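> need a 3D model of the following:
(one chain, ligands or ions: 2)
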Amino acid sequence: MTMNEEQHSLLLNSSSRFIPPQGVKLSYGTAGFRADASLLPSTVFRVGILAALRSLKTRSVTGLMITASHNQVSDNGVKVADPNGGMLSQHWEPFADALANAPSPQHLILLINEFVEKEGISMDGAGTLEVLLGRDTRPSGDALLQAAKQGVTSIVGAVATDLGILTTPQLHWMVRARNKGMKASEQDYFEQLSSSFRCLVDLIPTEKSKFNGVNDKVVVDGANGVGGVKLKDLGKLLNALAIEVRNSSEDGGVLNDGVGADYVQKEKVVPHGFGSKDAGIRCASLDGDADRLVYFIVPPESSGRIDLVDGDKILSLFALFIREQLSFLNEKEDINQARLGVVQTAYANGASTNYLKQLGLEVNFTPTGVKYLHEKAAEFDIGIYFEANGHGTVLFSESFVGGLEARTNKIASGSKGSEREKAALRLLAVSKLINQAVGDALSGLLLVEVILQHMGWSIHRWNDLYHDLPSRQLKVKVADRTAVVTTNAETVVVSPPGLQEAINEETARYPQGRCFVRPSGTEDVVRVYAEASTQETADTLANSVARLVDQFLGSNSS
Ligand code: 16G
Ligand code: MG
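Ligands and ions are numbered 1, 2, ... in the order given. Take a look at the predicted model:
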């Protein structure tokens with residue numbers, strides 16, 4: 001089933017215009033290819049081919065996003081959105097790696113022929129064959145998007161639809177919507193988010209409708225990326241919420257430079273544009289492509305430090321709200337015991353896990369990376385997943401949403417239903433508000449905001465749900481990070497032998513000590529995470545374990 005003459009010459013022609021840089025090996029990694037933008041044209045071109053083949057295989061629309069998220073502005077990256085709006089199917093990742101690294105057009109064509117045969121893809125150009133393309137605000141984005149277009153259209157019959165500048169979650173949302181036959185434009189995205197937000201506001205219990213927040217405005221750091229601009233557009237559709245956007249990329253700041261969710265979460269300091277004048281008010285930070293969200297508080301006399309309200313706390317807030325709605329629903333066991341599950345990674349603060357368990361929730365752990373958390377969360381009727389870094393969402397199963405729809409259809413709109421009916425309406429609105437394809441800072445922000453209004457809570461009240469254990473993260477440069485192999489959602493090292501025993505021995509010396517190491521999926525380092533009862537002991541534990549990692553794998557070891 002090899003390709004015909006037309007296809008062969010089309011690929012040969014186009015790929016000879018995109019020769020890969022010498023001596024660079026790229027890997028699809030945790031979430032797509034990332035590198036200095038100057039190295040990427042051939043990779044992006046080839047990912048265009050990949051996305052078109054994925055569309056051909058699934059007979060559905062796929063997506064291709066050009067972004068390097070929270071990385072510096074000179075970097076860029078590319079990833080594929082699968083037909084369901086999620087990440088590229090993991091069993092295609094090795095093919096993505098092979099494609100990106102094929103040294104010549106001839107090798108590339110050979111690889112495609114082999115793969116197409118193995119996957120039983122017929123290259124007949126029939127049926128849906130469309131790839132939606134999006135990019136963030138990076139200056140290299142436009143040229144790379146053109147390369148992606150050429151890659152897509154190197155497959156006979158494939159159409160590349162350029163959607164211009166989007167957040168990553170918007171593109172994923174659109175791919176999902178298209179394949180479900182739903183309205184899928186950016187305007188549709190804004191309308192769905194704003195109307196479900198309004199619906200949730202209308203369902204706020206009257207006794208709580210007077211918001212007790214210290215300040216009824218949320219101030220958002222847009223990382224000088226795409227998120228701030230989009231949030232301004234979305235904000236125009238919301239009456240019940242005042243959003244002030246700073247670092248929106250329109251005021252000349254540099255993308256991810258001293259701003260954004262990654263910076264705020266890792267450094268725990270105020271981003272550029274924020275300071276003591278913001279003491280006590282509700283602040284939030286997006287990352288460069290708006291798929292991460294964290295909140296923070298500038299304490300009085302902060303000297304630059306912040307109180308971080310991270311992904312774990314967002315998860316806890318969502319879990320609390322959803323659990324409350326489910327308890328109303330289940331009162332008469334009408335919708336039978338919906339299965340609610342939460343998913344975290346080892347980076348979740350131990351205090352958050354304890355809190356969630358105390359609520360009686362089932363807490364699951366997966367390795368780092370959205371694709372793993374998402375997959376696990378999809379096993380539940382309602383699955384809430386978050387990484388501490390602010391990446392997460394709430395997934396609703398189709399059958400559960402079907403049940404809610406059947407129940408809420410009976411309720412005349414505008415009528416004052418029972419608590420149970422309102423709970424069903426609220427859950428349905430949440431399922432429409434929060435992005436079902438992937439973690440989305442904009443929809444996450446709206447859900448946080450409306451839940452705070454619903455509860456009548458300030459950010460301080462929310463932040464007081466539990467107190468984080470002090471923690472420390474370090475990175476260690478080693479000769480070969482792939483020598484570290486882990487199991488149990490990255491909490492246990494199985495190789496090199498002896499390292500885990502040494503970590504256990506060290507950790508046991510610290511009250512409330514917890515520590516793990518793992519190879520990064522995005523950087524050439526081994527990461528160390530430590531938690532303990534005080535900041536000082538967390539720091540000491542992290543440093544001691546970093547030394548152990550160095551002893552076992554140090555740059556000088558063979
Ligand atoms: C990527 C992942 C993020 C993960 C991070 C870990 C996606 C969309 N993004 O940014 O979820 O937390 O990698 O990086 O999956 P690390 O492996 O370098 O620690
Ligand atoms: Mg991101």
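> so which residues on this structure come close to ligand 1?
When proximity is defined by CB under 6 Å from any ligand atom, the chain lies next to ligand 1 at 30-31, 368-370, 387, 389, 391, 520-523, 527. Heads up, the C-betas are built off the backbone N, CA and C, glycines and all.
> repeat the analysis, applying 8 Å as the threshold.
For the chain, the residues in contact with ligand 1 (CB under 8 Å from any ligand atom) are 29-32, 69-70, 79, 87, 168, 291, 345, 347, 368-371, 373, 387, 389, 391, 438-439, 518-523, 525, 527.
> from the residues you listed, which ones fall inside strands?
Lys79, Arg518, Pro519, Arg527 (DSSP state E).
> can you name the residues bridging to the last one?
Beta bridges link Arg527 to Lys475, Arg518 when assigned by DSSP bridges.
> do the first one as well
Beta bridges link Lys79 to Met65, judged by DSSP bridges.
> quick one: it and Ala31 touch, right?
Yes. Applying CB atoms under 8 Å as the test, Lys79 and Ala31 come out as touching, 5.9 Å apart.
> anything in contact with each of these two?
Shared contacts of Lys79 and Ala31 (CB atoms under 8 Å, 6 or more residues apart in numbering): Met87.
> ok, Gly86 to Pro169 distance?
Counting by CB to CB, to the nearest Å, the separation of Gly86 from Pro169 is 11 Å.
> those two: which has the busier surroundings?
Taking other CB atoms under 10 Å, Gly86 and Pro169 do not tie; Pro169 has more neighbours (28 against 20).
> which residues of the stretch 301-450 of the chain fall in helices?
Remark: helices assigned in the stretch 301-450 of the chain by DSSP state H, counting those that start in this stretch are 311-329, 350-358, 370-377, 398-409, 419-433, 441-455.
> rank those helices by pLDDT, which is bottom?
Lowest mean pLDDT within the helices of the stretch 301-450 of the chain: helix 398-409, a mean of 91.
> residues near Glu536, how many?
For Glu536, the neighbour count with other CB under 10 Å is 11.
> local confidence estimate at it?
Predicted confidence (pLDDT) for Glu536: 97.
> for the helix or strand hosting it, packing partners?
Using DSSP states H and E, Glu536 maps to helix 535-553. If contacts are counted by 3 or more CB pairs under 8 Å, 6 or more residues apart in numbering; DSSP states H and E, helix 535-553 sits against strand 471-476, helix 499-507, strand 514-519, strand 526-531.
> want to throw these into JSON lines with distance to ligand 2?
Output for the helices and strands packed on helix 535-553, formatted as JSON lines (distance: least, CB to the ion, whole Å):
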{"stretch": "strand 471-476", "distance to ligand 2": "18"}
{"stretch": "helix 499-507", "distance to ligand 2": "30"}
{"stretch": "strand 514-519", "distance to ligand 2": "19"}
{"stretch": "strand 526-531", "distance to ligand 2": "18"}
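> could you export those as JSON lines, including mean pLDDT and mean neighbour count?
Shown next, in JSON lines, are the helices and strands packed on helix 535-553 (pLDDT from 0 to 100; neighbours: other CB atoms under 10 Å):
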{"stretch": "strand 471-476", "mean pLDDT": "96", "mean neighbour count": "18"}
{"stretch": "helix 499-507", "mean pLDDT": "98", "mean neighbour count": "16"}
{"stretch": "strand 514-519", "mean pLDDT": "98", "mean neighbour count": "22"}
{"stretch": "strand 526-531", "mean pLDDT": "98", "mean neighbour count": "24"}
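> all helices for the stretch 151-300 of the chain, in order.
All helices of the stretch 151-300 of the chain, identified by DSSP H, counting those that start in this stretch, fall at 168-179, 186-202, 226-235, 261-267.
> can you say which of those helices is nearest to ligand 2?
Evaluated over these, closeness to ligand 2 peaks at helix 168-179, with 6.1 Å, by CB to the ion.
> any idea of the mean pLDDT for that closest one?
Averaged over helix 168-179, pLDDT sits at 98.
> so, in contact with ligand 2 or not, that helix?
No. Helix 168-179 lies out of reach of ligand 2 by CB under 5 Å from the ion, never closer than 6.1 Å.
> which strands and helices lie in contact with that helix?
Helix 168-179 sits against strand 62-66, strand 75-81, strand 130-135, helix 186-202, helix 441-455, with contacts defined as 3+ CB pairs under 8 Å, 6+ apart.
> can you rerun that using 10 Å?
Applying 3 or more CB pairs under 10 Å, 6 or more residues apart in numbering; DSSP states H and E, one finds that helix 168-179 makes contact with strand 62-66, strand 75-81, strand 130-135, strand 159-165, helix 186-202, helix 226-235, helix 441-455.
> and the residue of the protein nearest ligand 2?
Closest contact between the chain and ligand 2, by CB to the ion, is at Ser69 (3.2 Å).
> which one is the single nearest residue of the stretch 201-350 of the chain relative to ligand 1 nearest to, not counting chain neighbours?
Of all residues in the stretch 201-350 of the chain, Asp291 sits closest to ligand 1, with a separation of 6.3 Å (CB to the nearest ligand atom). Leaving aside its chain neighbours, Asp291 sits nearest to Thr168 (4.8 Å; criterion: CB to CB, 6 or more residues apart in numbering).
> now for the one you found: which residues touch it?
Contact analysis of Thr168 by CB atoms under 10 Å, 6 or more residues apart in numbering lists 31-32, 63, 65-67, 69, 79, 81, 134-136, 226-227, 287-292, 437-441.
> go again using 7 Å as the cut-off
Met65, Thr67, Asp289, Ala290, Asp291 (CB atoms under 7 Å, 6 or more residues apart in numbering).
> now render those residues as TSV, adding distance to ligand 2.
Shown next, in TSV, are the contacts of Thr168 (distance: CB to the ion, whole Å):
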residue	distance to ligand 2
Met65	10
Thr67	7
Asp289	4
Ala290	7
Asp291	4
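> dump the residues you listed into JSON lines; add neighbour count as well.
Output for the contacts of Thr168, formatted as JSON lines (neighbours: other CB atoms under 10 Å):
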{"residue": "Met65", "neighbour count": "31"}
{"residue": "Thr67", "neighbour count": "32"}
{"residue": "Asp289", "neighbour count": "33"}
{"residue": "Ala290", "neighbour count": "33"}
{"residue": "Asp291", "neighbour count": "31"}
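> want to try JSON lines for those residues, with pLDDT as columns?
Converted to JSON lines, those look like this (pLDDT from 0 to 100):
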{"residue": "Met65", "pLDDT": "98"}
{"residue": "Thr67", "pLDDT": "98"}
{"residue": "Asp289", "pLDDT": "98"}
{"residue": "Ala290", "pLDDT": "98"}
{"residue": "Asp291", "pLDDT": "98"}
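> and Ala35, what helix or strand is that in?
With secondary structure defined by DSSP H and E, Ala35 is part of strand 33-36.
> can you list the strands that that strand pairs with?
If you go by DSSP bridges, strand 33-36 pairs up with strand 75-81 (antiparallel).
> what angle do the helix or strand that the partner strand is followed by and strand 75-81 make?
Sequence order places helix 93-101 as the next helix or strand after strand 75-81, per DSSP H and E. Interaxial angle of helix 93-101 relative to strand 75-81 (axes from the mean of the first three to the mean of the last three CA atoms, to 10 degrees): 140 degrees.
> got the buried residues for helix 93-101?
By 16 or more other CB atoms under 10 Å, the buried positions in helix 93-101 come out as Glu93, Phe95, Ala96, Asp97, Ala98, Leu99, Ala100, Asn101.
> OK, contacts around the residue nearest to the first one when sequence neighbours are not counted?
Nearest residue to Glu93, sequence neighbours excluded (CB to CB, 6+ apart): Tyr28, at 4.8 Å. Each residue near Tyr28 by CB under 7 Å, 6+ apart is listed here: Glu93, Ala96, Asp97.
> quick check: most distant residue from the centroid of this protein.
Glu5 (41.2 Å; CA atoms, centre = their mean).
> can you pull the phi and psi angles for that one?
phi -60, psi -40 (degrees, to the nearest 10).
> give me the pLDDT for it.
For Glu5, the predicted pLDDT is 92.
> how close does it sit to Ser185?
Applying CB to CB, the value for Glu5 to Ser185 is 38 Å.
> how about Leu12?
Using CB to CB, we find Leu12 at a distance of 36 Å from Ser185.
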